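**Q** pasting the structure only:
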């Protein structure tokens, strides 16, 4: 097998592979910078929680309209935003911290979602919802994922300074601007929107993988926030490209193959990254002053 | 002038600051001191509006919120956050740049001047995680300088920093006083307070004394503050003043 057959031919010969690759690139472009901000806010598991929170909404969409992605996407968006808002409100007005309320809401959501899907569909349908069908991404889905990625980048660029300030020192933003919570909710809305985009292609359980794992990879290499965001995007693209090839050549499920590729990159970074394990074991040259 | 009238701040119904009344002298340096658990940091949070008042009122005397700067304890910060010293200091210019505007050369120059004042020239491009605790605190002070606030609240600004850094920051605080700014700082070191802060509020959940530092930090007052019970009495009845207030309202 030539390098061309190995790396290029699957995409050159098959439209579904090209569409899947474009979906991965769009997903990584939107979701990875959000993952970086979640990681820096120490909210990595909140992304996970929100990805589960999307499920009951998607399941209601599935219950009402069958395997219709627009219906499931809309339902997922509504459920995800509702959980994000409710968790924030409950943690502000009770003794529970935000991570505890998110955990409670997402477990409830997961149970409710699985129950609703099982009322109507078969286990094959449930697998579609949980793990996505990236190889069956059609053009309207691609437009939706691309649109969400574009909207995410434009919004991030517009509110970059308040958002980063809210991440670093929320009290300061509250004093100088007074609108800290507004940016926080806008950010959580973007997270949910990207999870909905991801859930169509990778499924609810895998979607958060393309958001958080590239962010963790970037943290092990980059020293600046823009550097982290670009590196996270590149890691997501590479994971999508390599994961799809693995899926194609070895007949693996595409969603898990993509996420596992990202995991392999993470382990590699953990070992050889400038902030990784091996750099701590060997003496490094240093400047005289 | 910031005035407190009958202010109570609570955690789980227990008063951390109890029926406090008084006013912070305008254009003056005031220290807030007292034993651990006396409610000092809680009071700052209450003044900033981070904690709602359980009772009482707080008036700012015509000072807008954006004219107030607040520096929490450095433990509240993630010092590994991937941000440069220059970007951190420039946040202090929010009033001029806003959340979306460009950083002008004039603002950048002011940021460089602020860094020079805290003896951190040439640190602009350095990442926060490469700084020591004292350097990090000085960066936060440089950010405060850029705010040009009329009222500056500091929560243990000299905790965990060396003597030289403390001297630099004390110099800054004296300068703020000369410029007519009001500084309110939570501090533990009584010698430092006697030397640099003309006004003191001695707190032990309730006001022990508030006024001229020499009079407030008397042996008798300090003993009374030390005798404050740190433990909360879970079987305590409803505060009698609350009861009286409720009866009055009825």
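**A** All right, it came through fine. Small disclaimer: the values here were computed from a predicted structure and weren't measured.

**Q** hey, let's count contacts and neighbours off CA atoms from now on
**A** OK.

**Q** where's residue B:137 relative to chain A, distance?
**A** 14 Å (Cα to the nearest Cα, to the nearest Å).

**Q** OK, contacts around that residue?
**A** For residue B:137, the contacting residues are B:74, B:157, by Cα atoms under 8 Å, 6 or more residues apart in numbering or on different chains.

**Q** The most centrally placed residue in chain A: helix or strand, and which one exactly?
**A** Nearest to the mean C-alpha position of chain A, by Cα atoms, centre = their mean, lies residue A:211 at 2.8 Å. If you go by DSSP states H and E, residue A:211 is part of helix A:209-219.

**Q** tell me how far that helix is from the chain's mean position?
**A** 9 Å (Cα atoms, centre = their mean, to the nearest Å).

**Q** Quick one: list the elements packing against that helix.
**A** Applying 3 or more Cα pairs under 8 Å, 6 or more residues apart in numbering or on different chains; DSSP states H and E, we find helix A:209-219 packed against helix A:15-40, helix A:225-250, helix A:254-272.

**Q** pLDDT on it, on average?
**A** In this model, helix A:209-219 has an average pLDDT of 96.

**Q** Name the surrounding residues that touch it.
**A** A:27-28, A:31-36, A:38-39, A:44, A:47, A:227-229, A:231-233, A:235-236, A:259, A:262-263, A:265-266, A:269-270, A:275.

**Q** Can you list the low-confidence ranges for chain B?
**A** B:229-232, B:242-250 (pLDDT under 70).

**Q** The same query, at a cut-off of 80, please.
**A** B:12-13, B:65, B:75-76, B:160, B:228-237, B:239-250 (pLDDT under 80).

**Q** ok, which residues in it are in contact with chain A?
**A** Those residues of chain B that sit near chain A, judged by Cα under 8 Å from any Cα of the partner chain, are B:65-66, B:68-70, B:77-78, B:81-84, B:91, B:94-95, B:99-100, B:127.

**Q** one more time with 7 Å
**A** B:65, B:66, B:81, B:82, B:83, B:94, B:99, B:100 (Cα under 7 Å from any Cα of the partner chain).

**Q** Which members of those residues are classed as buried?
**A** Among those, those buried by neighbour count (16 or more other Cα atoms under 10 Å in any protein chain shown) are B:65, B:66, B:81, B:82, B:83, B:94, B:99.

**Q** Spell out which parts of chain A neighbour chain B.
**A** So chain A meets chain B at A:161, A:162, A:168, A:175, A:176, A:223, A:224, A:225 (Cα under 7 Å from any Cα).

**Q** so residue B:66 makes contact with residue A:174?
**A** No. Counting by Cα atoms under 7 Å, residue B:66 does not reach residue A:174; the two are 9.6 Å apart.

**Q** Need the overlap of contacts for the two.
**A** Shared contacts of residue B:66 and residue A:174, defined by Cα atoms under 7 Å, 6 or more residues apart in numbering or on different chains, are absent.

**Q** Okay, strands next: where are they in chain B?
**A** In chain B, the segments counted as strands under DSSP state E are B:2-11, B:14-24, B:29-33, B:55-59, B:68-71, B:151-155, B:182-186, B:199-204, B:206-212.

**Q** Residue A:61: which of these is closest?
**A** With distances scored as Cα to Cα, the stretch of the strands of chain B nearest to residue A:61 is strand B:2-11 (43.6 Å).

**Q** How about residues contacting the closest one?
**A** Contacts for strand B:2-11 (Cα under 7 Å, 6+ apart): B:15-24, B:46, B:53-61.

**Q** so residue A:82 is in which element?
**A** helix A:69-93.

**Q** which outside residues touch that helix?
**A** With contact meaning Cα under 7 Å, 6+ apart, helix A:69-93 is reached by A:50, A:53-62, A:65, A:97-98, A:101-102, A:105, A:188-189, A:192-193, A:196, A:200.

**Q** quick revisit: so which of the residues of chain B next to chain A sit within helices?
**A** residue B:94 (DSSP state H).

**Q** which two in the residues of chain B next to chain A are spaced the farthest apart?
**A** B:65 and B:82 (28.4 Å).

**Q** centre of the chain versus stretch A:28-42, how much separation?
**A** That offset, for stretch A:28-42, works out to 8 Å (Cα atoms, centre = their mean).

**Q** Neighbours of whatever residue of the stretch 1-150 of chain A ends up closest to chain B, how many?
**A** For the stretch 1-150 of chain A and chain B, the shortest gap (Cα to the nearest Cα) falls at residue A:40, measuring 7.0 Å. The number of residues packed near residue A:40 is 21, by other Cα atoms under 10 Å in any protein chain shown.

**Q** repeat for residue A:248
**A** Neighbours around residue A:248, by other Cα under 10 Å: 18.

**Q** what does residue A:30 give?
**A** 31.

**Q** now swap in residue B:146 and tell me
**A** With other Cα under 10 Å as criterion, residue B:146 counts 23.

**Q** Report the contact partners of the nearest residue to it once chain neighbours are set aside.
**A** Of all residues not flanking residue B:146 in the chain, residue B:92 sits nearest, at 4.9 Å (Cα to Cα, 6 or more residues apart in numbering or on different chains). For residue B:92, the contacting residues are B:143, B:144, B:146, B:147, by Cα under 7 Å, 6+ apart.

**Q** Kindly provide the distance from the residue nearest to the second one when sequence neighbours are not counted to residue B:202.
**A** Which is residue B:144. Closest residue to residue B:144 apart from its sequence neighbours, by Cα to Cα, 6+ apart: residue B:92 at 6.1 Å. For residue B:92, the distance to residue B:202 (Cα to Cα, to the nearest Å) stands at 31 Å.

**Q** Chain neighbours aside, what residue packs nearest to residue 48?
**A** No chain in the question, so chain A it is. residue A:208 (5.8 Å).

**Q** Chain B, not that one
**A** Closest to residue B:48 by Cα to Cα, 6+ apart is residue B:70, at 7.6 Å.

**Q** Over to residue A:144: give its phi and psi.
**A** Note on residue A:144: its backbone torsions stand at phi -60, psi -50 [degrees, to the nearest 10].

**Q** That one: how many residues sit nearby?
**A** Neighbours of residue A:144 (other Cα under 10 Å): 16.

**Q** Checking the spatially closest residue to it that is not a sequence neighbour next. Helix, strand or coil?
**A** Of all residues not flanking residue A:144 in the chain, residue A:197 sits nearest, at 7.3 Å (Cα to Cα, 6+ apart). Classification of residue A:197 using DSSP: H, G, I helix; E, B strand; the rest coil returns helix.
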